[in-house]
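Colleague: here is a sequence together with a model predicted from it:
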Amino acid sequence: MSVIISPSVLSCDFANVQRDVEMINNSKADWFHVDVMDGVFVPNISFGFPVIQAIKKHATKPLDVHIMIVNPDQFVEEFAKAGADILTVHYEACTHLHRTIQLIKSNGMKAGVALNPHTNVNVLEDVIGDLDLVLIMSVNPGFGGQKFIDEAVNKVIKLKQLISDNNSKALIEIDGGVNLETGKRLVEAGADALVAGSFVFNSENPTKTIEALKAL
Ligand code: DX5
Ligand code: ZN
């Protein structure tokens, strides 16, 4: 199966959201990666529900929503209503992670958990069977355009083992600093999905860049 490509709209032109959504619709991308930041869990604020709803209105592919917020439980239902298909919360932001995962699923979404660069994949051992997706952060969350942290490649290999040891169906997605070079290493290590923001939107031809990532 070819790698899933999830362009991050964080790097799109927000004065031309509809144009950039259509570009992704008409490209070889599989999902829309939507980054929500609260200024508390991460040192940046991105956007909230009105923007997600606007993207959803035009998107013809699933919304892969990555929430970098504290107390995610309080907004799970609202993310479902705004159109999230996959909802990924941070391990570091959840005191009762098992409960949060069940809440996401009971609201009809696929459940993902993201790990910051310092968090070991083994912390997911007791919930891996319940997860649809694990998002490995290959930068510290908060900003697009940062440098890839190489240790992420080893984490993919370790996570792949954890998933197979537990007969889990979870997909492995990587977020941060993905380009053709890091993407190739990640796919070889066993990544199922790649997020790419600045590499896609800062390129001369984003459609072609998505196509090149998809061919990895
Ligand atoms: C960072 C976000 C990423 C970001 C990736 O906190 O979670 O999704 O958009 O941007 P690039 O691909 O530019 O590193
Ligand atoms: Zn993200």
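Modeller: Alright, I've got the coordinates. Ligands and ions are numbered 1, 2, ... in the order given.
Colleague: now residue 195. Nearest residue, chain neighbours left out?
Modeller: residue 175 (4.0 Å; CB to CB, 6 or more residues apart in numbering). (Glycine included, C-beta is placed from N, CA and C.)
Colleague: also residue 156?
Modeller: That would be residue 189: by CB to CB, 6+ apart, it lies 4.1 Å from residue 156.
Colleague: what sits against the residue of the chain found nearest ligand 2?
Modeller: In the chain, the residue that lies nearest ligand 2 is residue 66 (3.7 Å; CB to the ion). Applying CB atoms under 8 Å, 6 or more residues apart in numbering to residue 66 gives the contacts 33, 34, 35, 36, 88, 112, 114, 135, 175, 195.
Colleague: for residue 67, same thing?
Modeller: By CB under 8 Å, 6+ apart, the neighbours of residue 67 are 36, 75, 79, 87, 88, 89, 90.
Colleague: three-state assignment of residue 79?
Modeller: Residue 79 carries the three-state label helix when classified by DSSP: H, G, I helix; E, B strand; the rest coil.
Colleague: likewise for residue 67?
Modeller: Going by three-state DSSP: residue 67 is strand.
Colleague: separation between it and residue 41?
Modeller: 9 Å (CB to CB, to the nearest Å).
Colleague: most neighbours, which of the contacts of residue 67?
Modeller: residue 87 (30 neighbours; other CB atoms under 10 Å).
Colleague: break down this structure into its strands, ranges please.
Modeller: In the chain, the strands defined using DSSP state E lie at 4-7, 32-37, 63-68, 86-90, 110-115, 133-137, 171-175, 193-196.
Colleague: tell me which of those lies nearest to residue 210.
Modeller: Among those, strand 4-7 comes nearest to residue 210, with 5.8 Å by CB to CB.
Colleague: just checking: what are the partner strands of the closest one?
Modeller: strand 193-196 (parallel) (DSSP bridges).
Colleague: got a list of contacts for the strand it pairs with?
Modeller: Residues contacting strand 193-196 (CB under 8 Å, 6+ apart): 3-8, 30-31, 33, 64, 66, 133, 135, 171-176, 178-179, 183, 186-187, 209-210, 213, 216.
Colleague: flag every buried residue along it.
Modeller: Buried residues in strand 193-196, counting neighbours by 16 or more other CB atoms under 10 Å, are found at 193, 194, 195, 196.
Colleague: that one and ligand 1 in contact?
Modeller: Yes: using CB under 6 Å from any ligand atom, strand 193-196 reaches ligand 1 at 195, 196.
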